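Peer 1: would you be able to build a 3D model of this:
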Amino acid sequence: MATISKTIHDKLTQAFAPTRLEVVDDSARHEGHAGHREGGESHFNVLIESPAFVGVPRVMRQRKVYAALSEELSGPVHALSLKALAPGEG
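Peer 2: Numbering: from 1, shown residues only. I've put the predicted structure just below:
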């Protein structure tokens, strides 16, 4: 059975062919807060850099990532911190 982290990684890789992708489970920092689940995998930090984001405004980049992860965001993922960059951006 795939972990949520792996599913996020695989879906973003398929959708955006990133040159850089970091998916970090940050759930432990949210213990005792809303949405926290025993065993983690409820809060994530994602950094994605992809040529697919060249010339695309920041809000549209976020919408595209959220669309790719719609199933996870409507279920097991409570929070997603996202940084979506085009190659060469900060």
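Peer 1: number of nearby residues for the closest residue to Ala84 other than its chain neighbours?
Peer 2: Nearest non-adjacent residue to Ala84, counting by Cβ to Cβ, 6 or more residues apart in numbering: Arg61, 3.9 Å away. From N, CA and C alone the C-beta is placed, and that goes for glycine too. By other Cβ atoms under 10 Å, 20 other residues sit near Arg61.
Peer 1: for whichever helix or strand Arg61 is part of, list the C-alpha coordinates in CSV.
Peer 2: Arg61 belongs to helix 58-68 when assigned by DSSP states H and E. The C-alpha trace of helix 58-68 is given here as CSV (Å, rounded to 0.1, in the frame of the first residue of the first chain):
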residue,chain,number,x,y,z
ARG,A,58,1.5,31.9,-8.8
VAL,A,59,-2.2,31.5,-8.1
MET,A,60,-2.7,29.4,-11.3
ARG,A,61,0.3,27.2,-10.3
GLN,A,62,-1.3,26.5,-7.0
ARG,A,63,-4.6,25.7,-8.6
LYS,A,64,-3.0,23.3,-10.9
VAL,A,65,-1.3,21.5,-8.1
TYR,A,66,-4.4,21.4,-6.0
ALA,A,67,-6.3,20.0,-9.0
ALA,A,68,-3.7,17.2,-9.4
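Peer 1: tell me the mean pLDDT over it?
Peer 2: For helix 58-68, the mean pLDDT works out to 98.
Peer 1: please enumerate the helices of this structure.
Peer 2: 4-16, 58-68, 70-73 (DSSP state H).
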